[in-house]
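Undergrad: I'd like to go over a predicted model; first the sequence, then the structure.
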Amino acid sequence: MKLELELDDSIDEMVRYFQNTPETLQLAIRRSLRKLSRFAERRTLRELAREQGMTQKKLKELGRVKVNLLQSGERGSEGYSLVVWIGAWEIPAHYLGKPRQTKQGVRVGKHFWQGAFLMQPVNATHSMVFKRKANWRHKYQRSKKSGRMMWMGLPLEKQTLPILNSAIQVLEKLQPILLERFATLMQQELNFIIHGGSRV
């Protein structure tokens, strides 16, 4: 899932106004977009962490938010683009903090899974949160190891935290904020250049 931010009409007007000084304009655009990409990452992490009831640090560790700044012509883009990407697959419960078993289930941070329990799978380095599947039955299928037909399967389901709906809401709220922020940054950078700024 990603949000692509394109330059809107008001930005295009600014570009046309400064078309006789392309180097100056390109410098202002590059500076503004660099600042905008940092702002977008901070804002996305903050909003998504709030929606999910988890820390920004944990979201960053899981690599669920990435912001890329595309130059004109890069990856087929016609102009400058800012791409905000959110990994929308569900987050396993044990990634949200230290799981704690209670009589009613398992608590991890602010989240609680009723009827769940902790178990450490053979090839895992830590305990994970599981729940018994309702109306579960063995499946008669071929074993990949022996090649024989046998009744297989476990009546367990690893518990996860959905992220898709939160990601959609965050991206919908973010787009107008980023466009407004970009216009503000462009104005600041152009003012700096016009009044004798020389940093690169």
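TA: Perfect, I can see it now.
Undergrad: State the distance from the spatially closest residue to F112 that is not a sequence neighbour to A93.
TA: Among residues not flanking F112 along the chain, G105 sits closest, at 6.0 Å (Cβ to Cβ, 6 or more residues apart in numbering). C-betas here are computed from N, CA, C, even on glycine. Per Cβ to Cβ, to the nearest Å, G105 is found 11 Å from A93.
Undergrad: which residues do these two both contact?
TA: Residues within reach of G105 and of A93 at once, by Cβ atoms under 8 Å, 6 or more residues apart in numbering, are 113, 116.
Undergrad: Give me the below-cutoff pLDDT ranges for the protein.
TA: Within the chain, the segments meeting pLDDT under 70 span 1-22, 71-80, 152, 196-200.
Undergrad: that older thread, which of G105 and A93 has more neighbours?
TA: A side-by-side neighbour count of G105 and A93, using other Cβ atoms under 10 Å, places A93 first with 25 against 16.
Undergrad: residue contacts, the more buried one?
TA: 99, 106, 108, 111, 113, 116, 128-129, 158-161.
Undergrad: if you set the cut-off to 6 Å instead, what comes out?
TA: A93 makes contacts with 108, 129, 159, as judged by Cβ atoms under 6 Å, 6 or more residues apart in numbering.
Undergrad: Leaving out sequence neighbours, find the closest residue to it.
TA: Closest residue in space to A93, ignoring its immediate chain neighbours: V129 at 3.9 Å, by Cβ to Cβ, 6+ apart.
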